[in-house]
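[1] Build me a model:
(chains A and B)
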Amino acid sequence: MTENYANAHTLAGPGRGIVVPNPFTLGTYRVFQRNKDVFLKLWKTELWPPVVEALLSLFAFGFGLGVYIAQVNGQPYIQFIGAGLIFSSVLFTASFECMFGTFIRMQQEKVFDAIIATPVSIEEVVSGEILFASTRATFNGTCVVVVLAVLQLIPSWWVLLVPPVALLTGFLLASLAVIVTSLVSSFTSFNYYITLGVIPMQLFSSVFFPASQLPEGVRWVAFLSPLYPAVELGRALYTGNIHAGLLLNLLWILGLTVVFYLLAVNLMRRRLIK
Amino acid sequence: MSNLDIKTGLTIDTINQTGRNVVVEAKDLRKNYKNFQAVKGISFQVYQKECFGLLGPNGAGKSTTIRMLNCVSPISGGSLTVLGHSVTGDIRQIKAQIGVVPQDDNLDVDLTVMQNLLVYARYFNIDKKEATRRADEVLELFQLTEKRNNKTDEISGGMKRRLVIARALINQPKLIILDEPTTGLDPAARQVVWQQLRLLRERGVTILLTTHYMDEATQLCDRLVIINEGRIMAEGNPRELVQRLVGYEVIEMRLAEKDKLNLLPLIENRPILLEEAGDTLYLFGQHNQAFQNLTLPEANYRLRREASLEDVFLRLTGRGLGGE
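    Take a look at the predicted model:
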């Protein structure tokens, strides 16, 4: 029975030290499936909000604010904000799922304890959580794309590459949220990360306006934001403005993802394995 | 009888001197936390098809030991072997073959009774058809079939407990490990759980449980160890332990200070042991006629009863199990 599990985890069991887990194992998928099953039971309350949110935001920013701002960098504002909103949605979905969702499952429902009593390891639990959050984030981000498509606001076929970028970005941001969750003792501590992490990321990562508009002294804030390279890459794909420089964005996202994922898994291990 | 592990070519079960298969073996097992040692070098063996108990007050190190057995907490010293595998080795092999019943019910509250079992079975890579068959079987066994489509927050505490035990059987474990299986249940629900556990033992499942209830240990355990402050104080069959360490009968009483002195000459030449815990005196009759023709001073409270495991604990530690 257990042979089916890839033997990728050299340190699957309790033990000290740093682990470098493989995020793509059958055990990870089992945890993903568990979260998916619960999510789909609640589909009536979970599936429509991203679509409605996308419509509301596009309406408010595009047709409201957009009247005053004709173009940004030669692009109609509604298209500019549309691309931004895709990744804003990814940011919020991934972050909240791996803050509140993960915390409830870990601390209140003791789901993690139940799972690690089976052949599934703690690394796989954490990876499954992150994978599920990033999938949800991709779904919500893609809802925005679909709404944009329906409104005939998609300028390029390159947009088909936006969901994979959203998935990677979701993985990155979910890992970051798991790091936060591994450190907090209660819900209220999430306020620090929301106010000082999530909101600034949304505001200063070129979602609503280009980061280049920021005063020079604070422009570095945007470049620190892990969301910034994703928005830049995503928007370029959305508009079809493809150039070699985008590879740098991709590499930067990939690098951050690896670092945050390793930190997330190891910090969670430290918290849960005593 | 020993099963041959095809992969390694080693025999899974070691056989001890008495010729019984050893399912769990702890040798000088230790667990250190930052500021204290929770388990201070304990050794014990659990044999196949028996019900083995870890008995002790809260904070004795029972749950810590269980967490090490379940391979979710690393050991700090000594050795621990479960079903022939060291807990420092390939723990997936161990986890695949044990059933774990935690102290708190950690059921999936968003799922139904049946879905809880199916999702859990999936962690063991049991295919859906087989999982459904086994789930039906354990639900039947634990009299939960009627509730299969209920959400878990719609069933009673006793039923939740039974469901957690049923869930632990879904991978057809060779060993089932229960941490305080009846804590928090009402007397009727406890009886039902005990009945189920006896049924499992009859079916040949090896059971290891912790408890701080004397009656539970007496009802269920073939053998047990008494743990206090991370150390084993005694080991044996519950009845034999009581007779060896306490005797047959016990008189417990509360006396005024001045009467205490008068008591000593009365019991001096009899096979009676005297123990004081809190405000209560305990007289342990080591012979079945120890109390014959004994006249005791007037007491506010006096009770004569059969000796129990509680008395064993009292004699070993000088305090009761219930608390400080």
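[2] Just to check, B:K27 is in contact with B:S43?
    Yes - between B:K27 and B:S43 there is a contact at 5.1 Å, judged by CB atoms under 8 Å. No exception for glycine: its C-beta is placed from N, CA and C like everyone else's.
[3] how about the residues of chain B near chain A?
    Within chain B, the residues that sit near chain A (CB under 8 Å from any CB of the partner chain) are B:33, B:70-74, B:87-89, B:91-93, B:95-96, B:100, B:102, B:104, B:106-111, B:115, B:119-120, B:122-126, B:171.
[4] Which of those fall within helices?
    Those of these mapping onto helices are B:91-93, B:95-96, B:115, B:119-120, B:122-123, per DSSP state H.
[5] coming back round to it: give the ChimeraX command for selecting the buried subset of the residues of chain B next to chain A.
    Here is the ChimeraX command that selects the buried residues among those (16 or more other CB atoms under 10 Å in any protein chain shown):
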select /B:70,71,72,73,74,87,91,92,93,95,96,100,102,106,107,108,110,111,115,119,120,122,123,124,125,126,171
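[6] low pLDDT regions in chain B?
    Filtered on pLDDT under 70, chain B yields the residue ranges B:1-19, B:318-324.
[7] what packs against the lengthiest helix in it?
    Counting residues, the longest helix found in chain B (DSSP H) is helix B:187-202. For helix B:187-202, the elements it packs on are helix B:157-168, strand B:206-211, helix B:214-220, judged by 3 or more CB pairs under 8 Å, 6 or more residues apart in numbering or on different chains; DSSP states H and E.
[8] Would you indicate which residues of the first one are buried?
    Put plainly, it is helix B:157-168. Neighbour-count burial for helix B:157-168 flags B:158-168 (criterion: 16+ other CB under 10 Å).
[9] Now do the helices in the stretch 1-150 of chain A.
    Assigned by DSSP state H, counting those that start in this stretch, the stretch 1-150 of chain A shows helices spanning A:26-41, A:43-46, A:48-57, A:77-96, A:102-103, A:111-116, A:122-150.
[10] a markdown table please, covering the ones you listed and showing mean neighbour count and distance to chain B.
    Shown next, in a markdown table, are those (neighbours: other CB atoms under 10 Å in any protein chain shown; distance: least, CB to the nearest CB, whole Å):
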| stretch | mean neighbour count | distance to chain B |
| --- | --- | --- |
| helix A:26-41 | 20 | 5 |
| helix A:43-46 | 10 | 12 |
| helix A:48-57 | 16 | 18 |
| helix A:77-96 | 26 | 17 |
| helix A:102-103 | 24 | 15 |
| helix A:111-116 | 24 | 4 |
| helix A:122-150 | 24 | 8 |
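[11] Could I get those helices in CSV, plus columns for mean pLDDT?
    Output for the helices of the stretch 1-150 of chain A, formatted as CSV (pLDDT from 0 to 100):
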stretch, mean pLDDT
helix A:26-41, 95
helix A:43-46, 82
helix A:48-57, 88
helix A:77-96, 94
helix A:102-103, 97
helix A:111-116, 95
helix A:122-150, 95
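[12] Residues in contact with stretch A:96-114: which ones?
    Residues outside stretch A:96-114 that contact it (CB atoms under 8 Å, 6 or more residues apart in numbering or on different chains) are A:34-35, A:122, A:125, A:129-130, A:132-133, A:136-137, A:174-175, A:177-178, A:180-181, A:184, A:187, A:190, A:193-194, A:272, B:72, B:102, B:104, B:106-109, B:120.
[13] Neighbours of B:E180, how many?
    Number of residues near B:E180 (other CB atoms under 10 Å in any protein chain shown) recorded here: 21.
[14] meant to ask about B:L54, not that
    29.
[15] and it, what does it touch?
    Residues near B:L54 by CB under 8 Å, 6+ apart: B:62, B:65-66, B:208-211, B:224-225, B:227.
[16] Following the record's annotation, map out the domains of chain B.
    Domain segmentation of chain B under automatic domain parsing yields B:14-240, B:247-307.
[17] I'd like to know which of these is closest to A:Q202.
    domain B:14-240 (29.2 Å; CB to CB).
[18] From the chain's centroid, how far away is the closest one?
    9 Å (CA atoms, centre = their mean, to the nearest Å).
[19] my guess is B:D222 contacts B:N237, does it?
    Yes - counting by CB under 8 Å, B:N237 is a contact partner of B:D222 at 6.7 Å.
[20] Report the beta-bridge partners for A:V72.
    A:V72 has these beta-bridge partners by DSSP bridges: A:Q75.
[21] What about it, how many residues nearby?
    A:V72 has 18 neighbouring residues, counting by other CB under 10 Å.
[22] what residues are up against it?
    A:80, A:209-210.
[23] As TSV, these with distance to A:L203 would be great.
    TSV is the format used below for those (distance: CB to CB, whole Å):
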residue	distance to A:L203
A:F80	15
A:F209	9
A:P210	13
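[24] Residues of the stretch 151-274 of chain A that sit close to chain B?
    Residues of the stretch 151-274 of chain A lying close to chain B (CB under 8 Å from any CB) are A:273-274.
[25] Can you tell me the closest non-neighbouring residue to B:I155?
    With CB to CB, 6 or more residues apart in numbering or on different chains as the criterion, B:I155 has its nearest non-adjacent residue at 5.4 Å, and that residue is B:K147.
[26] Residues in a beta bridge with the residue in the stretch 201-324 of chain B that chain A sits nearest to, which ones?
    Here the stretch 201-324 of chain B gets closest to chain A at one residue, B:L208, 13.9 Å apart by CB to the nearest CB. Residues in a beta bridge with B:L208, per DSSP bridges, are B:F52, B:I177.
[27] Make sure it is actually in contact with B:N70.
    No - B:L208 lies out of contact with B:N70 (CB under 8 Å); the separation is 10.3 Å.
[28] Quickly list what's touching both of the two.
    By CB under 8 Å, 6+ apart, B:L208 and B:N70 have these common neighbours: B:I177.
[29] by contact count, what packs against the host helix or strand of B:E310?
    Element membership for B:E310, per DSSP states H and E: helix B:309-317. When contacts are defined as 3+ CB pairs under 8 Å, 6+ apart, helix B:309-317 sits against helix B:214-220, strand B:223-228, strand B:231-236, helix B:238-245, strand B:272-277, strand B:280-285.
[30] what is in contact with B:K27 and B:S43 at once?
    B:G78.
[31] residues of the longest helix of chain B that come out buried?
    B:189-190, B:192-194, B:196-197, B:200-201.
[32] In TSV, list those along with distance to B:T152.
    What follows is those, written out as TSV (distance: CB to CB, whole Å):
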residue	distance to B:T152
B:A189	16
B:R190	20
B:V192	17
B:V193	17
B:W194	22
B:Q196	18
B:L197	21
B:L200	21
B:R201	26
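[33] Tell me how many other residues surround the residue nearest to A:P229 when sequence neighbours are not counted.
    In this structure, A:P229 finds its nearest non-sequential neighbour in A:N249, 4.1 Å apart by CB to CB, 6+ apart. Counted with other CB under 10 Å, the neighbours of A:N249 add up to 18.
[34] got a list of what A:N249 touches?
    Contacts for A:N249 (CB under 8 Å, 6+ apart) come out as A:229-230, A:232-233.
[35] same thing but at 7 Å, please
    Contact partners of A:N249, counting by CB atoms under 7 Å, 6 or more residues apart in numbering or on different chains, are A:229, A:232-233.
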